[in-house]
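*Asks:* sequence first, then the predicted structure, then my questions.
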Amino acid sequence: MIATATPLPPIRLEQGQSLAAEIAWRRIGHGPIRVLLVHALTGGVFPDGPKGWWGPLFAPGAPLAADRATVWAPNLPGSCYGSTGPRKGEPFPDLTPRDMAEALAAWIEAEDLRFDVAVGGSLGGMVILELALRLPDRIGGLGVIGTGGRSDAWLLGQNHVQRRILEDPAISDATAVALARHAAMLTFRTPDSLNARFADGGIQAWLDHHGRALADRFTRESYLALLKAWDAHDLGRGRGGLVTALRGLKAPLHLLGIDSDQLFVPALVRELAEAARAAGADIRLDWLHTPHGHDAFLLEWGQVAAWLDRILGEAAP
């Protein structure tokens, strides 16, 4: 499985800098429904297969099965999986989800792509919300999971802990990434989920495993760049607020909130849904019922598949 790379002109960033852009991407399947699938914080261009981050949803008979959908999976700028990611030890421009959407928009226009539906969870959801405002005529519908219209103080505070670890020069690269991941894993899940799983102990080994696994495949520079982008999420910034921004949304918006989420808490998801209704958008809010918290969209395959199956059915050409 090899990704294709599309070189692009430099992207002008919100902070005034420019980024020499190249989007790595893969096309998966050959079905009639055209899907743009944007990864979350530490995902990438390999959502399919036994080890893919959404692998079960690509299995035969599943919503993204090869005979049902053609899926484009791009790499977000800043991720270490793409050639536009930060180089080890070198400074990298601060990115926002809007900057990432601008880079994806340039890729979509360069490849002359159009999608029946765009789907993203967490950071991917932030980016496709921005992308739908940037390219309203190239996206037929939106599936946004575990994302609100902005990052609030609670989320910023949790990310701040990780960023302080990553920014400490006294900590080695691998240790910094692993320790930041320890903190993240506790926010991705819930007390109920962890207490049920580790009633007899073992959470320390579980955290160490996830820390080592991310340190083996991710750089501290990339992790820091993506956290900063997450912190900068605010769909209404510079647009007169959230409601005014959403008046530019043409695509039907399908939100999937996570009722136990400790990052994008349910109140933030409801805020986005209410703003979309106030803006006159075509909006539907559903809930993923789970004890597992934010990571449930990577765990609750049955509920996610049923939700995605309905969205794809409505978007089918």
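*Replies:* Nice, thanks for sending it over. Numbering: from 1, shown residues only.
*Asks:* hey, let's count contacts and neighbours off CA atoms from now on
*Replies:* Fine.
*Asks:* can you give me the strands for this structure?
*Replies:* Here the chain has its strands, by DSSP state E, at 4-7, 11-12, 18-19, 22-28, 33-38, 69-74, 117-121, 142-145, 253-258, 283-288.
*Asks:* could you redo those as CSV and give each row mean neighbour count?
*Replies:* Below are those laid out as CSV (neighbours: other CA atoms under 10 Å):
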stretch, mean neighbour count
strand 4-7, 15
strand 11-12, 16
strand 18-19, 17
strand 22-28, 21
strand 33-38, 24
strand 69-74, 22
strand 117-121, 25
strand 142-145, 26
strand 253-258, 24
strand 283-288, 16
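*Asks:* for residue 237, which of those strands is the nearest?
*Replies:* strand 11-12 (17.0 Å; CA to CA).
*Asks:* can you list contacts of that closest one?
*Replies:* With contact meaning CA atoms under 8 Å, 6 or more residues apart in numbering, strand 11-12 is reached by 18-21, 99, 102-103.
*Asks:* please apply the same query to stretch 3-10.
*Replies:* Contacts of stretch 3-10 with the rest of the structure, by CA under 8 Å, 6+ apart, involve 18-26, 45, 106-107, 110.
*Asks:* quick check, nearest of these to residue 262?
*Replies:* Distances from residue 262 to the contacts of stretch 3-10, taken by CA to CA, are shortest for residue 45, at 26.2 Å.
*Asks:* quick check: closest non-adjacent residue to the closest one.
*Replies:* Using CA to CA, 6 or more residues apart in numbering and skipping the chain neighbours, the partner closest in space to residue 45 is residue 73 (5.2 Å).
*Asks:* quick check: which of the strands of the chain is nearest to residue 267?
*Replies:* strand 253-258 (9.5 Å).
*Asks:* may I have that closest one as CSV, with CA atoms only?
*Replies:* Extracted as CSV, the C-alpha positions of strand 253-258 are listed here (Å, rounded to 0.1, in the frame of the first residue of the first chain):
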residue,chain,number,x,y,z
LEU,A,253,-24.3,18.2,8.4
HIS,A,254,-24.5,14.8,10.2
LEU,A,255,-23.0,15.1,13.7
LEU,A,256,-22.2,12.1,15.9
GLY,A,257,-21.6,13.2,19.4
ILE,A,258,-20.1,10.8,22.0
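*Asks:* pLDDT on that strand, on average?
*Replies:* Strand 253-258 carries an average pLDDT of 98.
*Asks:* check contacts around the residue most central in space within the chain.
*Replies:* In the chain, the centroid-proximal residue (CA atoms, centre = their mean) is residue 124; its distance is 2.2 Å. If a contact means CA under 8 Å, 6+ apart, then residue 124 has 38-41 as its contacts.
*Asks:* so, low pLDDT: which residues of this structure?
*Replies:* 1-2, 81-86, 89-90 (pLDDT under 70).
*Asks:* domain map for it?
*Replies:* 4-150+233-315, 154-228 (automatic domain parsing).
*Asks:* so how far is residue 40 from the residue of the chain most remote from its centre?
*Replies:* What lies farthest from the middle of the chain is residue 200; by CA atoms, centre = their mean that is 33.0 Å. Taking CA to CA, to the nearest Å as the measure, residue 200 falls 31 Å from residue 40.
*Asks:* ok, back up a step: how about the residue farthest from the centre of the chain, phi and psi?
*Replies:* Here is the backbone geometry of residue 200 (degrees, to the nearest 10): phi -100, psi 20.
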